[in-house]
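> I'll drop the sequence and a predicted model, then ask my questions.
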Amino acid sequence: YDSGKDGYIDLMELKLMMEKLGAPQTHLGLKNMIREVDEDFDGKLSFREFLLIFHKAAAGELEEDSGLLTLAKLSEIDVSIEGVKGAKNFFEAKAQALSSASKFEAEIKAEQDERKREEEERKHRRAAFRELKSAFTQ
């Protein structure tokens, strides 16, 4: 449902998802659904926030008339219906999404480490230059 391919479900994508699941919501209802699990207050659902819907549903923390509870019920994987292969594909897709998020974090960390290394190298060159310069100015 992430038609923007940005790693988030925004209001319009959530609207489309709920319509396709056969449980259309009002604009205000959609906003309330997002607000209920939007940990970083960015107005859209990250993968973690999307999983939080199912966590809250399992813990009984969602209102009975909540659109999120409807979403959780309509999105469950029933192995008896889908079969093991369907459930396997569902969970592999989720694992893939988590792994790609981890790769992204690793790339950012590598980039930050590279910048630190370059800054240290720059400091060493400046120190070496000052030392060489002091030899000429004495």
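Everything's here; your move. Numbering: from 1, shown residues only.
> what residues are up against Q112?
Under the criterion of Cβ atoms under 8 Å, 6 or more residues apart in numbering, the contact list for Q112 is empty. Bear in mind the C-beta positions are built from the backbone N, C-alpha and C, glycine included.
> which element is it on?
helix 79-137 (DSSP states H and E).
> just for this structure, where's the confidence low?
74-106, 138 (pLDDT under 70).
> can you list the domains in it?
For the chain, the TED database gives the domain ranges 8-74, 83-137.
> what's the most buried one of those?
domain 8-74 (a mean of 15; mean count of other Cβ atoms under 10 Å).
> After the host helix or strand of I34, which helix or strand is next?
For I34, the host element (DSSP H and E) is helix 27-37. For helix 27-37, the succeeding helix or strand toward the C-terminus, using DSSP H and E, is helix 47-58.
> What helices and strands are in contact with that next one?
helix 27-37, helix 67-75, helix 79-137 (3 or more Cβ pairs under 8 Å, 6 or more residues apart in numbering; DSSP states H and E).
> Repeat the analysis, applying 7 Å as the threshold.
helix 27-37, helix 67-75 (3 or more Cβ pairs under 7 Å, 6 or more residues apart in numbering; DSSP states H and E).
> K15 and F129, how far apart?
In this view, K15 and F129 are 60 Å apart by Cβ to Cβ, to the nearest Å.
> brain fart, R48
47 Å.
> now do A58
For A58, the distance to F129 - Cβ to Cβ - is 62 Å.
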